[in-house]
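[1] Starting from these lines, generate the structure:
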Amino acid sequence: LKKDATRVPALVERAHHIGKTALAETRALIANLRPVALEQHGLVDALRGEFAALTARNGAKIDFQADDAVALSPARENACYRIALEAVNNAVKHAHAGRVAVRLQTADDKIALTVQDDGVGFDADAEYVGHFGLKTMRERTRALGGNVTIESAHGKGTTVYAEIPIVKNETLP
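    Below you'll find the predicted structure:
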């Protein structure tokens, strides 16, 4: 202020903008911890809504089929939600898939998620520096005692198969 008072309005505006941006990013991070749609609608309806929005944005045809809702802990529900979204978003964004089939099934004390696309495929064993989606899917399932299998080949599409055990008497909200 003492050196150049004419710069003060611009500096205040910049500080205000930085503060607003930081607040928006913090809110987004908090929302991503437990998505509002998941909290309000449950796993199946939250996924259905996300897939409808994705289809509206880019035209990909997403065929979603799910068993009747099963009571899952928030951690298991959140993992299924995020893995499904990651796999479908990867199919649409990176594989340029026109069709994606998503199946969410419960059987034998586990929940099974299958995401199959008609995209360009990729080398599932390769490391993709700066991309964390596949690694995060694997980490989420392992943390809950499950696993992820990814089958893909160039020109042949991709199938992501995740299994997460359903733990009886697990604490629910």
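[2] quick check: longest helix of the protein.
    Ordering each helix of the chain by length in residues (DSSP state H) puts helix 8-33 first.
[3] Mind jotting down where the helices sit in this protein?
    Along the chain, the stretches classed as helices by DSSP H are 8-33, 36-41, 43-58, 74-93, 133-143.
[4] Quick one: residues in contact with the shortest one.
    Counting by CB atoms under 8 Å, 6 or more residues apart in numbering, the neighbours of helix 36-41 from elsewhere in the structure are 45-46, 49-50, 77-78, 81. In this view, the C-beta of every residue, glycine as well, is placed from N, C-alpha and C.
[5] Among these, list the two that are farthest apart in space.
    Of all pairs drawn from the contacts of helix 36-41, the widest gap by CB to CB lies between 49 and 78 and measures 15.5 Å.
[6] The two: who's more crowded?
    Of the pair residue 49 and residue 78, residue 78 is the one with more neighbours under other CB atoms under 10 Å, namely 20 against 14.
[7] Check whether that one really touches residue 47, as I assumed.
    No - taking CB atoms under 8 Å as the definition, residue 78 is not a contact partner of residue 47, at 11.9 Å.
[8] ok so, going back, can you name every helix or strand that the longest helix of the chain contacts?
    In terms of contact count using 3 or more CB pairs under 8 Å, 6 or more residues apart in numbering; DSSP states H and E, helix 8-33 is assigned no packing partners among helices or strands.
[9] Okay, angle between that helix and helix 74-93 too, please.
    Going by axes from the mean of the first three to the mean of the last three CA atoms, to 10 degrees, helix 8-33 is angled at 110 degrees with respect to helix 74-93.
[10] Need the per-residue pLDDT for residue 169.
    Listed pLDDT for residue 169 reads 66.
[11] again but with residue 70, I slipped
    At residue 70, the model reports a pLDDT of 69.
[12] what's the answer for residue 4, then?
    As summarised for this prediction, residue 4 has a pLDDT of 86.
[13] pLDDT weak spots in this structure?
    28, 30-33, 69-70, 129-131, 169-173 (pLDDT under 70).
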